[in-house]
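A.B. asks: Sequence and predicted structure, then a few things I'm wondering about:
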Amino acid sequence: MDRVRRQLGCSFFLQNTITTEDVTVAVLDTGIGNHPDFTNRILDFADFVNGKLGIYDDSGHGTHVAGCVGGSGYASRGRFCGIAPTCRLCIGKVLDLHGEGSIESMYKGLLWVLQNRIRYQIRVLNISVGIGSSSDKERMAELIGLLDSVWEQGIVVVCAAGNNGPEEDTISPLGSSRKVITVGCHEGGFFGSRQDLCENYSGRGSADMLYRKPDLVAPGTDVISCNVKCQSGFRGSFRNAYLKKSGTSMATPIVSGAAALFLQKYPYSNNEQLKRKMIYSATDLGDSWNKQGWGMLNIEKMCGFSNEN
């Protein structure tokens, strides 16, 4: 995450100036582990897969994603903190240990977010998962309708473009919603010509779409974040506290964390205003629209810490 923050202009000065303890981010994923980077900041946890009560993550995906959003970096003395390291978290488990979920579990998760948005002051919802195609087109349409309702209630919804690219029209079903902020992956040349970059399989929009997707991109290759297998070590140290993962699942919470920073600095902004500011301040990478959207997330410019026009 230290590399990602440097790429996007998210300095420690910016993070310390815009603390996010007043912003709650909901994450619908595989759950969350008992990691020191989340101490005293998980407001609620709900399991829509197995019905368990205590926090857990039998996959590790959700823990990594939550760390990208708001890990404090405690186990690394700040080095691998997330984009919004003081935000509050509400975690809904909608995927099983294999990272697979159903329309029903996601539907229940979205309802839970709506029902608790005022109680926990949820401003941002991160969905780094794709439900995939479904033969039940009517139920999928209902799910996307509910997702749009979450946006209409003022919550910033950030969805992954998915990892089914590079062909056209491979955006995930939830990321295809016009209202949400859809995030693709791009490294902006950081890794040179490596062939395994996330941008080479990030979901892409179609020239036939009435609107452009993804909305923007963020780094998603070899992102270091919280490891669910973190263990306490000698004299307050930790073992296996972090690990690398790649995919649009990692790019998406980076954008969610940036949204939390923006809403902390500009608390009276609504989600439409945030979306416009985010995409219009993005850095054009010179790539095609269906690959980069409006460009690379630029946190420094979005939050008014840049002299650029």
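C.D. replies: Perfect, thanks for sending it. Numbers count the residues shown, from 1 in each chain.

A.B. asks: contacts and neighbour counts: CA atoms only from here.
C.D. replies: Will do.

A.B. asks: Where does the most centrally placed residue in the chain sit: helix, strand or coil?
C.D. replies: Nearest to the mean C-alpha position of the chain, counting by Cα atoms, centre = their mean, stands Pro253 at 1.9 Å. Under DSSP: H, G, I helix; E, B strand; the rest coil, Pro253 falls in the helix class.

A.B. asks: ok, and the closest non-adjacent residue to it?
C.D. replies: Spatial nearest neighbour of Pro253, chain neighbours left out: Val69 (4.9 Å); criterion: Cα to Cα, 6 or more residues apart in numbering.

A.B. asks: ok, that neighbour - contacts?
C.D. replies: Each residue near Val69 by Cα atoms under 8 Å, 6 or more residues apart in numbering is listed here: 82-85, 253-257.

A.B. asks: Looking at these, which is nearest Lys93?
C.D. replies: For the contacts of Val69, the minimum distance to Lys93 (Cα to Cα) is 15.8 Å, reached by Pro253.

A.B. asks: State the pLDDT value of that closest one.
C.D. replies: The model reports Pro253 with a pLDDT of 98.

A.B. asks: Tell me who's in contact with it.
C.D. replies: 65-66, 68-69, 126, 128, 158.

A.B. asks: In helices, which of these appear?
C.D. replies: Those of the contacts of Pro253 mapping onto helices are 65-66, 68-69, per DSSP state H.

A.B. asks: Make CSV out of those and add pLDDT.
C.D. replies: Listed next are the ones in helices among the contacts of Pro253 as CSV, based on pLDDT from 0 to 100:
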residue, pLDDT
Val65, 98
Ala66, 98
Cys68, 97
Val69, 97
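
A.B. asks: Distance to Ala207 for those - can I get that in a markdown table?
C.D. replies: Below are these laid out as a markdown table (distance: Cα to Cα, whole Å):
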| residue | distance to Ala207 |
| --- | --- |
| Val65 | 30 |
| Ala66 | 33 |
| Cys68 | 31 |
| Val69 | 31 |
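
A.B. asks: Between the contacts of Pro253, which sits nearest Thr283?
C.D. replies: Distance to Thr283 across the contacts of Pro253 (Cα to Cα) is lowest for Val158, with 18.6 Å.

A.B. asks: And for the closest one, the neighbour number?
C.D. replies: By other Cα atoms under 10 Å, the residues close to Val158 number 27.

A.B. asks: My guess is it contacts Val255. True?
C.D. replies: Yes: with contacts counted by Cα atoms under 8 Å, Val158 reaches Val255, the gap being 7.4 Å.

A.B. asks: for stretch 101-115, which positions count as buried?
C.D. replies: Across stretch 101-115, burial judged by 16 or more other Cα atoms under 10 Å covers 101, 103, 105-111, 113-114.

A.B. asks: ok, back up a step: ok, of the ones in helices among the contacts of Pro253, which one's closest to Val27?
C.D. replies: For these, the closest approach to Val27 (Cα to Cα) belongs to Ala66, at 6.9 Å.
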